[in-house]
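Asks: prediction below, plus the sequence it came from.
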Number of protein chains: 4
Amino acid sequence: MKLTHDASGTFAIAPTPFHDDGRIDGRSIDRLVDFYTEVGCNGVTVLGILGEAPKMDAAEAETVAVRFIKRAGSLQTVVGVSAPGFAAMRSLARASMDAGAAAVMIAPTPNLRTDDQIVTYFKQAVEAIGDDIPWVLQDYPLTLGVVMTPAVIRRIVMDSPSCVMLKHEDWPGLEKITALRAFQKDGSLRPLSILTGNGATFLDFEMERGADGAMTGYAFPELLIDVVRLSKEGKRDAAHDLFDAHLPLIRYEQQPGVGLAVRKYVLNKRGMIASAAQRKPGSSLSAKAREEVDYLLSRVARVDKRALTAPQASAAG
Amino acid sequence: MKLTHDASGTFAIAPTPFHDDGRIDGRSIDRLVDFYTEVGCNGVTVLGILGEAPKMDAAEAETVAVRFIKRAGSLQTVVGVSAPGFAAMRSLARASMDAGAAAVMIAPTPNLRTDDQIVTYFKQAVEAIGDDIPWVLQDYPLTLGVVMTPAVIRRIVMDSPSCVMLKHEDWPGLEKITALRAFQKDGSLRPLSILTGNGATFLDFEMERGADGAMTGYAFPELLIDVVRLSKEGKRDAAHDLFDAHLPLIRYEQQPGVGLAVRKYVLNKRGMIASAAQRKPGSSLSAKAREEVDYLLSRVARVDKRALTAPQASAAG
Amino acid sequence: MKLTHDASGTFAIAPTPFHDDGRIDGRSIDRLVDFYTEVGCNGVTVLGILGEAPKMDAAEAETVAVRFIKRAGSLQTVVGVSAPGFAAMRSLARASMDAGAAAVMIAPTPNLRTDDQIVTYFKQAVEAIGDDIPWVLQDYPLTLGVVMTPAVIRRIVMDSPSCVMLKHEDWPGLEKITALRAFQKDGSLRPLSILTGNGATFLDFEMERGADGAMTGYAFPELLIDVVRLSKEGKRDAAHDLFDAHLPLIRYEQQPGVGLAVRKYVLNKRGMIASAAQRKPGSSLSAKAREEVDYLLSRVARVDKRALTAPQASAAG
Amino acid sequence: MKLTHDASGTFAIAPTPFHDDGRIDGRSIDRLVDFYTEVGCNGVTVLGILGEAPKMDAAEAETVAVRFIKRAGSLQTVVGVSAPGFAAMRSLARASMDAGAAAVMIAPTPNLRTDDQIVTYFKQAVEAIGDDIPWVLQDYPLTLGVVMTPAVIRRIVMDSPSCVMLKHEDWPGLEKITALRAFQKDGSLRPLSILTGNGATFLDFEMERGADGAMTGYAFPELLIDVVRLSKEGKRDAAHDLFDAHLPLIRYEQQPGVGLAVRKYVLNKRGMIASAAQRKPGSSLSAKAREEVDYLLSRVARVDKRALTAPQASAAG
């Protein structure tokens, strides 16, 4: 049940569904989880940056995490526990694991600058949550402003046996995957799962560089699953053909801030969540933007029929 | 009981006392509050940046706030409720006011950039906590990275009738006080209390520029009280003479990061808190630094006998 | 000859060609300009961020600008004059205009925070270079860290009659174009050319939002020209079909830091510049990355035969 | 003539004197240098951050540097050569050394984040200017945003035999001096001069921690000289007594942005420079601020008669 360094495949980053008035929508959580399970995801990651985690208070965060975990069943659940302090991080981590989570995910706090500060931060974080909890290291400089070299990631991983996975979303990041895999070849880094984020914008090449799969929130996890699978089968052209058909939408979803509005809009159209609402401070889509997304969906659908369901779900949504 | 725009004098920013093992030390909270009351503070501010607020989980933060409030009695208590999201901000704000707090304090979230983003943030914050709660606007660019012009502060204050005070700690900041007071003279800004922070480094001139008092954590609140009083009495030279005697220590305390360790060390020497411990990630003082602080205390004591108690308390500490 | 607010079409952002040893390669400048002219660019922008401008000393920068301008003939040349101070900005601006440049381009200096600081900066910049020089306002928050709202851009433009163009590269940025065009409709903003950057990642929709064209450094300016033209002709599907064929490469080129290495590699393969060398501190491509770019070129070539020339040029390169 | 790791004492950071209309004031340069010589400075540092270096174009910067150097005679001159790129850095460094400078000073470029990025930057900088030029490493995180650990400073120094001095202005920074001196004791760091900046705010304790002297721009370099001397003679109380008398003014001068206006105002009052003008974008003093500085000067003069000259010079200024 617990996450190990053998983890691979596709972990969907789940948004947190809210009702229009901002209350948490538990039934949409269930529907989302069922959807991720049906399409074949290997796991689901909740309370990430995409999941509007900081907008919930401590009790709400735990409620959301537990509902996802309980519904997930055999699907592995990773819970984002990044917090301004270690006490809050520990509370959520322990509660999540007690409820059956597979692992927690920790991002660096934004004020870290030097290599030593970064390494020390994760040492203290692991000390706080306990070294019996498998954890995912999130490397996301664009949003967090903390830059970790491959050597620093190696120090963190070698310091903490309970670190089992890297959520890789540096930008640019392809050479980073290559560097980490080279560390493993030369024996200086132990086995580590690498799943990639950044909205899948580079998933095609990340797989070729040695990633084990995807952990991101693109509204068509089926595409992630297919690209990961085709890449592992060595079907390069097929993987790129499918990926390229989705790239215009992937790019549109990966816009900072407004990206979440796009994702919730598409997931709502697909019938997975009852409302695209975000808590404040949130982003929203103009009528023009919604039309652009609809147009992109119609273009994806020319190659990938699964995008066809979108307009139909929309009618019912 | 509730804070109004007439507030003035000295509000001590209280550190959160911990035991050596990191547990919250409730008895030291009581002692701190009693001390602030005895020396004549007008209020106490808890769970500020200095108060290691982010290191506590939600339940602990509420516990600390309530213990301070209950002990404070007639002393007005301001509770820092800055949080990554509005739900957590609201929870702590409502609980604090229910327990008898005089007001809450809100700092801008670090990612704000444009004037409109800043104004909107506070509009949403007030909407979240409720417009029945008096609140203090914290302006602290050095630490938070958010720069508010006097005109932006005016927009925030004029938007929100429940904003009663500015905690001023821009650096440089003297002209900002002058600009805000000029807005009031020309009728474009309503009455607003201005208390100053920054460890009191500029308290001497801030009072002359029109501040109503001090809200900061210098380990000798007696000095703040005296300087505020002498300034209000128009005794310029006397105010500066006393202030200058403390400035070498004030400066030493105002060092980023390590400053809290200095304060807790001095408060511990003075017998106000049982331990100088901080929660991780924390700062600490080397033996050399402790010697430097002791030397500074002995020099202050040549002018201000109250600093004499320090070495004695230390022997007992 | 001088740039006006009627400017439209495609302005190629030119890299600065260096020899392998770091000397400026004048002959490659000529070849680049000739190439931009032949394919039908409307202008060329030199000494931009992409152009490694800060890596040249003052004399070199002027030499490069003048060589581009002289060769450009009827092609309008825009010279990036952003500098840490106004004296250096003025020197390069005056020298460039004297040599026949069409306009200069100015980005905000990175330390600006408040709306007023930004507006004042451009007021002083225009005062420094002289209000007889047409100039392009560069809005690039991702790299520069300065966030300008549409209202701030309006203030800058309305303050300075010599501002004729916005180089738009906010991210996300589509709504910003819409907002600026709406200002013009309501009469609060005067006519202004808007060309878009960001490596063309959103050119398809930017044109639909009201952009006048592209000003960016994608190594196939032919694609920019075609998409701009098709968009203006209202051929939406055709514009997107062509754009989408290039998007996988556009995305690969738009990686921070390493993107310039990709561009110089492709331009070198296409025979436009003799060396892909950058001055230090620079980026370079691993063998694996070069293979990835070659693969992307081969895929683009399935739809756009112009990409075919790349591998051939490579053999000769 | 060239700077070595034995350098010690006081190096005044010189402002660049301008006429009211912004032209460089060569005669005030001469007067400043003569003043620094007369009071007993060991060196003068020009074109630093305080010296408004970025506001001059390349030719002006060289003119200023050469005028200072030529006038300085036996006084060692350090020239700040920090620049956005290595070509400009090299040009100014070579011209300065040819004119007789003792060394150049280099600060990290603001975008550096990881330890390796910082180390590589200085390696490339030294490669650019040539390893025959003695240089001073400037460590100023508050303004530059680049954080260098003691271990990173050691790597830089051990990498570059031509690095002879650290200009120390981290904040807090006392433990950093102690750490570097400990490295020397354990043999891992070679001899290195450490002069301290930060407007002298911590000079009293910096000397006790092992600094070799001061390199900063406080408008009374005589005070720096005295404190450095008294500290070296082991006269702790005397050093602090004198230092403390100046601290209220030191603190006032050390305000970001406006500090330079204070310094130029005082130097103008003292008759060293003909005008307190700054080039744009600059800061200025309100009437109220000037009165505050005058008041501080009168208070310093109660202990240090040299401050008495100020009001008199003012009358003539």
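Replies: Good, I have the coordinates.
Asks: just the pLDDT at residue A:316, thanks.
Replies: pLDDT for residue A:316: 33.
Asks: now swap in residue A:279 and tell me
Replies: 97.
Asks: who are the contact partners of it?
Replies: Contact analysis of residue A:279 by C-beta atoms under 8 Å, 6 or more residues apart in numbering or on different chains lists A:18, A:22, A:52, A:55, A:56, B:85, B:86, B:87. Heads up, the C-betas are built off the backbone N, CA and C, glycines and all.
Asks: go again using 7 Å as the cut-off
Replies: A:18, A:22, A:52, A:55 (C-beta atoms under 7 Å, 6 or more residues apart in numbering or on different chains).
Asks: by contact count, what packs against the helix or strand where residue A:94 lies?
Replies: Residue A:94 belongs to helix A:86-98 when assigned by DSSP states H and E. The contact analysis (3 or more C-beta pairs under 7 Å, 6 or more residues apart in numbering or on different chains; DSSP states H and E) places helix A:86-98 against helix A:58-72, helix A:115-129.
Asks: deepest-packed of the ones you listed, please.
Replies: Neighbour counts (mean count of other C-beta atoms under 10 Å in any protein chain shown) averaged over each of those peak at helix A:58-72, with a mean of 21.
Asks: what average pLDDT does that helix get?
Replies: Mean predicted confidence for helix A:58-72 is 98.
Asks: which parts of chain A sit against chain C?
Replies: Residues of chain A lying close to chain C by C-beta under 7 Å from any C-beta of the partner chain are A:171-172, A:174-175, A:178, A:201, A:205, A:240, A:244, A:247-248, A:251, A:255-258, A:286, A:288-289, A:292, A:299.
Asks: compute the distance between residue A:52 and chain C, please.
Replies: Distance, residue A:52 to chain C, using C-beta to the nearest C-beta, to the nearest Å: 18 Å.
Asks: can you check residue A:203 too?
Replies: Taking C-beta to the nearest C-beta, one finds residue A:203 at 11 Å from chain C.
Asks: also residue A:16?
Replies: Residue A:16 sits 21 Å away from chain C, going by C-beta to the nearest C-beta.
Asks: neighbours of residue A:208, just the number please.
Replies: By other C-beta atoms under 10 Å in any protein chain shown, the residues close to residue A:208 number 20.
Asks: sorry, back to before: which pair in the contacts of residue A:279 has the greatest spatial separation?
Replies: A:22 and A:52 (10.4 Å; C-beta to C-beta).
Asks: so what's the spatially closest residue to residue A:254 that is not a sequence neighbour up against?
Replies: In space, and not counting its chain neighbours, residue A:254 is closest to residue A:199: 3.6 Å by C-beta to C-beta, 6 or more residues apart in numbering or on different chains. Applying C-beta under 7 Å, 6+ apart to residue A:199 gives the contacts A:216, A:217, A:218, A:250, A:253, A:254, A:259.
Asks: got a markdown table for the residues you listed, with secondary structure too?
Replies: Compiled in a markdown table, the contacts of residue A:199 are given as follows (DSSP: H, G, I helix; E, B strand; the rest coil):
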| residue | secondary structure |
| --- | --- |
| A:216 | strand |
| A:217 | coil |
| A:218 | coil |
| A:250 | helix |
| A:253 | helix |
| A:254 | coil |
| A:259 | helix |
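Asks: for chain B, find the nearest of the helices and strands packed on helix A:86-98.
Replies: helix A:58-72 (3.8 Å; C-beta to the nearest C-beta).
Asks: now, the residues of chain A next to chain C that are in helices?
Replies: Residues from the residues of chain A next to chain C lying in helices, with DSSP state H as the criterion: A:174-175, A:178, A:205, A:240, A:244, A:247-248, A:251, A:288-289, A:292, A:299.
Asks: hang on, the earlier thing: of the contacts of residue A:199, closest to chain C?
Replies: Closest to chain C, out of all of the contacts of residue A:199 and judged by C-beta to the nearest C-beta, is residue A:259, at 7.9 Å.
Asks: got a list of what that closest one touches?
Replies: Counting by C-beta under 7 Å, 6+ apart, residue A:259 makes contact with A:199, A:253.
Asks: for residue A:42, same thing?
Replies: A:9, A:10, A:11, A:76.
Asks: and the gap between the last one and chain D?
Replies: Spelled out, that is residue A:76. Distance of residue A:76 to chain D, computed by C-beta to the nearest C-beta: 32 Å.
Asks: check contacts around residue A:20.
Replies: Contacts of residue A:20 by C-beta under 7 Å, 6+ apart are A:275, A:277.
Asks: contact residues of the stretch 201-317 of chain A facing chain B?
Replies: Counting by C-beta under 7 Å from any C-beta, the residues of the stretch 201-317 of chain A close to chain B are A:280, A:281.
Asks: just want the residue of the stretch 201-317 of chain A that's nearest chain B.
Replies: With C-beta to the nearest C-beta as the measure, residue A:280 is the residue of the stretch 201-317 of chain A nearest to chain B, at 4.9 Å.
Asks: three-state assignment of that residue?
Replies: Quick answer, by three-state DSSP: residue A:280 is coil.
Asks: nearest residue to it in space, please, no chain neighbours.
Replies: Closest to residue A:280 by C-beta to C-beta, 6+ apart is residue B:124, at 4.9 Å.
Asks: equivalent analysis for residue A:54, please.
Replies: Spatially, and ignoring its direct neighbours in sequence, residue A:54 is nearest to residue B:84 (3.6 Å; C-beta to C-beta, 6+ apart).
Asks: again with residue A:53
Replies: Excluding the flanking residues, the one nearest residue A:53 by C-beta to C-beta, 6+ apart is residue A:47, at 4.1 Å.
Asks: report the contact partners of the one you found.
Replies: A:53, A:61, A:64, A:65, A:79, A:80.
Asks: can you tell me how far it is from residue A:34?
Replies: Distance, residue A:47 to residue A:34, using C-beta to C-beta, to the nearest Å: 19 Å.
Asks: for residue A:14, same thing?
Replies: Counting by C-beta to C-beta - residue A:14 and residue A:34 are separated by 12 Å.
Asks: tell me, how many residues neighbour residue A:287?
Replies: 7.
Asks: how distant is stretch A:165-179 from the center of its chain?
Replies: Chain-centre distance of stretch A:165-179: 14 Å, with C-alpha atoms, centre = their mean, to the nearest Å.
Asks: on that earlier part again, and for the residue of the stretch 201-317 of chain A closest to chain B, the neighbour number?
Replies: 16.
Asks: tell me which parts of the stretch 1-150 of chain A are close to chain D?
Replies: A:113, A:114, A:115, A:116, A:147, A:149.
Asks: any idea which element residue A:261 lies in?
Replies: Per DSSP H and E: residue A:261 is located in helix A:259-269.
Asks: how about low-confidence regions in the stretch 201-317 of chain A?
Replies: Residue ranges of the stretch 201-317 of chain A with pLDDT under 70: A:309-317.
Asks: pick out the residue of it closest to chain C.
Replies: Residue nearest to chain C within the stretch 201-317 of chain A: residue A:255 (3.9 Å; C-beta to the nearest C-beta).
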